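S.K.: I need the structure of the sequence given here:
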Amino acid sequence: MKIGILQTGHSPDNFRKELGDYGEMFTKLLDGHGFDFEIFSVVDGILPEAVTQADGWLITGSKHGAYEDHDWIPPLEDFIRDTYAEGRPMVGICFGHQIIAQALGGRVEKFANGWSIGRTEYDMEGEKLALNAWHQDQIVELPEGAEVVASSDFCAYAALAYDNRIWTVQPHPEFGHDFIDGLIRTRGKGVVPDHQLEQASAALGGPIDNDKIADKMATFFKENRKERA
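M.R.: So this is what the prediction gives:
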């Protein structure tokens, strides 16, 4: 099964070589599930020609906001709507979670209550899972047809399901503690409040459930697979 990865941002330059770019992180996260991958650098203006180029699609995180004015965002939203209409499975992570909701009629904004970073616990369909978060933007209005499947005290819409077509999560199952540590030391300084950076740093090394989310993603893709034309 081929998964097309729509890369909507790049990891920080100063540790990309060591820890990988966002597309590579997902190929590592889903390694062992029998997938083939092709990465499309959407943030650089490279989009697939058709939704049938892969059996399923995954949209990565990004430093950009879904509501920002970038040339590549409207074509990406069109691609999301086409994929949804065609019924090919799609997964979105963080920015991917947000841009899918926006494309389908929801609303995303810079959250008035600030940031969520580092190890965070979520209630996912009755199961407590811990994942690394790094976001200020949030979905604040759901699109029609979206079902909430996970939440936290800070993030009401932490994971969404759209029938058997789309499954999205706000936190980052592709981020290990080493990546969060790098963000704390680079992108976080002067942007995220110091006390939150300190709390996230103190939580480094705590157990996280990246593998469980990887299994959920893989199962979603396989159960809802559509053959390429």
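
S.K.: C-alpha only now, for contacts and for neighbours.
M.R.: OK.

S.K.: who does the spatially most central residue of the chain bridge with?
M.R.: Among the residues of the chain, the one closest to the centroid is residue 93, at 0.9 Å (CA atoms, centre = their mean). With DSSP bridges as the criterion, residue 93 is bridged to residue 169.

S.K.: could you measure it against residue 133, distance?
M.R.: 11 Å (CA to CA, to the nearest Å).

S.K.: Quickly list what's touching both of those two.
M.R.: 170-172 (CA atoms under 8 Å, 6 or more residues apart in numbering).

S.K.: can you put the residues you listed in a markdown table and add distance to residue 15 and neighbour count?
M.R.: Shown next, in a markdown table, are those (distance: CA to CA, whole Å; neighbours: other CA atoms under 10 Å):
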| residue | distance to residue 15 | neighbour count |
| --- | --- | --- |
| 170 | 23 | 28 |
| 171 | 20 | 28 |
| 172 | 17 | 22 |
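
S.K.: Now tabulate these in a markdown table and tack on distance to residue 185 and pLDDT.
M.R.: As requested, the shared contacts of residue 93 and residue 133 are exported to a markdown table (distance: CA to CA, whole Å; pLDDT from 0 to 100):
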| residue | distance to residue 185 | pLDDT |
| --- | --- | --- |
| 170 | 22 | 98 |
| 171 | 19 | 98 |
| 172 | 18 | 97 |
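
S.K.: Turn these into JSON lines, columns for distance to residue 192.
M.R.: Output for these, formatted as JSON lines (distance: CA to CA, whole Å):
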{"residue": "170", "distance to residue 192": "18"}
{"residue": "171", "distance to residue 192": "16"}
{"residue": "172", "distance to residue 192": "17"}
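
S.K.: How many residues are close by residue 90?
M.R.: With neighbours defined by other CA atoms under 10 Å, the count for residue 90 comes to 29.

S.K.: I'd say it and residue 60 touch.
M.R.: No. Using CA atoms under 8 Å, residue 90 makes no contact with residue 60, being 11.1 Å away.

S.K.: which residues of the chain fall in helices?
M.R.: Assigned by DSSP state H, the helices in the chain fall at 13-19, 22-29, 73-86, 95-103, 177-185, 194-202, 210-223.

S.K.: Most tightly packed of those?
M.R.: helix 95-103 (a mean of 25; mean count of other CA atoms under 10 Å).

S.K.: Could you tell me the angle between that helix and helix 73-86?
M.R.: Helix 95-103 and helix 73-86 are oriented at 80 degrees to each other (axes from the mean of the first three to the mean of the last three CA atoms, to 10 degrees).

S.K.: other SSEs contacting helix 95-103?
M.R.: Helix 95-103 is packed against strand 56-59, helix 73-86, strand 90-93, strand 107-110, strand 137-141, strand 166-169, with contacts defined by 3 or more CA pairs under 8 Å, 6 or more residues apart in numbering; DSSP states H and E.

S.K.: what sits up against the longest one?
M.R.: The contact list for helix 73-86 (CA under 8 Å, 6+ apart) reads 42, 47, 51, 66, 89-90, 99-100, 103-104, 165-166.

S.K.: which stretches of the protein have low pLDDT?
M.R.: Applying pLDDT under 70 to the chain picks out residues 229.

S.K.: Against residue 200, how distant is the closest residue to residue 197 other than its chain neighbours?
M.R.: Excluding the flanking residues, the one nearest residue 197 by CA to CA, 6 or more residues apart in numbering is residue 184, at 6.1 Å. Per CA to CA, residue 184 is found 8 Å from residue 200.
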